[in-house]
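>>> Dropping a prediction and its sequence here:
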Amino acid sequence: MKIARIAEFGGPDVIRFDDVPLPQPGPDEVLVRVEATSFNPTEVGVRQGLVPVALPFSLGWDVAGTVVGTGERVIGFLDGGAAAEFVVAPRDRLVPAPRSVSLRHAAALPLAGLTAWQAVAEARLQPGERVLVNGAGGGIGGFVVQLAKRAGAHVIATASERSAAVVKAFGAGEVVDYTRDPLPRDVDVVLNLVAAVEVPAGRIVSVTTKIGTHVIARYDRAVLEALVSLVDRGELVLDVSEELSLDALREVHRRSEAGDIRGKIVLTP
């Protein structure tokens, strides 16, 4: 089977597409035929050696696919290996996939959705608070805007012109074009999703730089199930901007380094 992995740190060209034997599940594991994975910018840090991993490392944290032998449609957040045709997954790291969206698009949900939920929860938002979502046009940003709006906050989102319409549709009351306008200062909470050097004062929750409260996504089965329910009830929208072949992964990494990605990109083996 084909799998995307790295055996050394460096630029996008260190990503290899290797043919390896079909993995065999152990106790409490299942074999999943991968329908899609999704790109997460933190994989760039892994590839560059900024995130400690043992080499060789198989890429892909998000998985959407079917369980071999049962046909169950599942999604999950794994410790790597989902950028492949098949992956072995612990049974407890998988939940039933949303029924209201395609299985491929469902791959956009796990890591970005969990990160957004946990960041918004950490911010302890109160109805009516002014919340700045810094980096709302990215893969996590769309979920953060929707969840913050759902919590009753007045959302002020930073986004480029190409993302403004989508961010507004997700519930942002104001959109600031960060390419030309300064960040607003009169906010109660900042949810920072970019590598910001300076953000306004207030309660700061960051999923990138270590400013304020730093949130690192963790697997939470109950939260992932809750996110799936929100999607199926039409209360949470997946922002899949592109669907590409896994062969495009190197180019996606290059584009990410250049800041040329909006929303979530799903990759199919």
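Arrived safely, thanks for sending. Residues are numbered from 1 along each chain as shown.
>>> so how many other residues sit close to E225?
E225 has 12 neighbouring residues, counting by other CB atoms under 10 Å. To be clear about C-beta, it is placed using only N, CA and C from the backbone, and glycine gets the same treatment.
>>> So it, which state does it fall into?
Three-state secondary structure (criterion: DSSP: H, G, I helix; E, B strand; the rest coil) places E225 in helix.
>>> List the contacts of the closest residue to it other than its chain neighbours.
Leaving aside its chain neighbours, E225 sits nearest to V95 (5.1 Å; criterion: CB to CB, 6 or more residues apart in numbering). By CB atoms under 8 Å, 6 or more residues apart in numbering, the contact set of V95 is 74-76, 221, 224-225, 228.
>>> Let me know the pLDDT of V95.
pLDDT recorded at V95 is 98.
>>> Would you agree F143 falls within a helix?
Yes. Counting by three-state DSSP, F143 is located in a helix.
>>> That one reaches L114, doesn't it?
No. The pair F143 and L114 does not pass the contact test of CB atoms under 8 Å, sitting 9.2 Å apart.
>>> Neighbour count for the two, which is higher?
Shown here are F143 and L114; by other CB under 10 Å, F143 has more neighbours (30 against 21).
>>> From T37, how far out is that one?
Applying CB to CB, to the nearest Å, the value for F143 to T37 is 17 Å.
>>> One more: S241?
On the measure of CB to CB, S241 and T37 end up 15 Å apart.
>>> And those two? Which one has more around it.
T37 (31 against 17).
>>> can you list the domain ranges for this protein.
2-109+238-268, 112-214 (automatic domain parsing).
>>> Same list (those domains) but as a markdown table, adding distance to D232.
What follows is these, written out as a markdown table (distance: least, CB to CB, whole Å):
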| stretch | distance to D232 |
| --- | --- |
| domain 2-109+238-268 | 5 |
| domain 112-214 | 13 |
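>>> In terms of mean pLDDT, which of those domains ranks lowest?
domain 112-214 (a mean of 91).
>>> Next secondary structure element downstream of the longest strand seen in the chain?
The strand spanning the most residues in the chain, taking DSSP state E as the definition, is strand 29-38. The element immediately downstream of strand 29-38 (helix or strand, assigned by DSSP states H and E) is helix 42-48.
>>> and P96, how many neighbours?
So P96, with other CB under 10 Å, has 12 neighbours.
>>> Quick test: name the residue nearest the centre of this structure.
Centrality entry for the chain: nearest residue to the mean C-alpha point is A112, 2.6 Å, by CA atoms, centre = their mean.
>>> Flag every buried residue along the one helix or strand it maps to.
Here A112 sits within helix 110-123, counting by DSSP H and E. Of all the residues in helix 110-123, those buried under the rule 16 or more other CB atoms under 10 Å are 110-120, 122-123.
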